[in-house]
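Q: test case, fold it:
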Amino acid sequence: MQVKRLPRVFEFRGTRLADPNPDLSIDQAKEALAVSRPEITNSTIDGPKQTAEAEVYTIKANVGHKG
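A: Predicted coordinates:
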């Protein structure tokens, strides 16, 4: 019996982002994704939600108020 690891996928604002490196932790992957999308820096990650083809992590932006 072979165990097959599902790929990770990150969803942010309706867009699926590929896993920058499957060997990274979730927090490290978030940091790597934030290089191209700085708004991810202060976000939270929910999941994973398993589908037939991937483990899907949802990145939720933390929207706050100044003041």
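Q: what packs against the helix or strand that contains Ile45?
A: Here Ile45 sits within strand 44-50, counting by DSSP states H and E. With contacts defined as 3 or more C-beta pairs under 8 Å, 6 or more residues apart in numbering; DSSP states H and E, strand 44-50 has these neighbours: strand 55-60. C-betas here are computed from N, CA, C, even on glycine.
Q: could you redo the last one with a cut-off of 10 Å?
A: If you count contacts as 3 or more C-beta pairs under 10 Å, 6 or more residues apart in numbering; DSSP states H and E, strand 44-50 packs onto strand 8-12, helix 26-34, strand 55-60.
Q: paired strands for the shortest one, with orientation please.
A: When sheet partners are counted by DSSP bridges, strand 8-12 sits next to strand 15-18 (antiparallel), strand 55-60 (parallel).
Q: in the longest one, what's buried?
A: Within strand 55-60, the residues that qualify as buried by neighbour count (16 or more other C-beta atoms under 10 Å) are Glu55, Val56, Tyr57, Ile59.
Q: of all pairs in the residues you listed, which one is the farthest apart?
A: Comparing all pairs in these by C-beta to C-beta, the longest separation belongs to Glu55 and Ile59, at 13.6 Å.
Q: joint contacts of these two?
A: Shared contacts of Glu55 and Ile59 (C-beta atoms under 10 Å, 6 or more residues apart in numbering): Phe10, Gly47.
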